[in-house]
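J.: Sequence isn't available, so here's the structure alone:
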């Protein structure tokens, strides 16, 4: 027994299949992560330096430091910066804000 196909089905089979075209899509950039400014690690330290405040601190303690304290300061990574202010090699009048 042959099954009869409906005329609509028969027409659909005789027509070529439609091809789906894929259009190139723009790739959206990943959003930048929102970093927390607070440190996640407990040993993290961040330094900021205000030259005018640093200069006034050095001027205040300059005459109060003994030789042992100066030796300890020389061992720090900041000695090069401290020395500039300690020996007054920086002219604060010519500093840019």
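T.: Sure, I can see it. All figures in this text were calculated on a predicted structure; none of them were measured in a lab.

J.: Show the subsequent helix or strand relative to the lowest-mean-pLDDT helix or strand in the chain.
T.: Of all helical and strand segments in the chain, the minimum by mean pLDDT, DSSP states H and E falls on helix 7-14, at a mean of 65. Remark: after helix 7-14, the chain's next helix or strand is helix 51-62, criterion DSSP states H and E.

J.: So what touches that next one?
T.: Outside of helix 51-62, the residues within contact range by C-beta atoms under 8 Å, 6 or more residues apart in numbering are 81, 82, 85, 86, 90, 92, 95. To be clear about C-beta, it is placed using only N, CA and C from the backbone, and glycine gets the same treatment.

J.: what's near enough to touch the third one?
T.: Contacts of residue 85 were listed using C-beta under 8 Å, 6+ apart, and they are 54, 55, 58, 59.

J.: so which of those residues is the most crowded?
T.: residue 58 (19 neighbours; other C-beta atoms under 10 Å).

J.: All good on my end, thank you.
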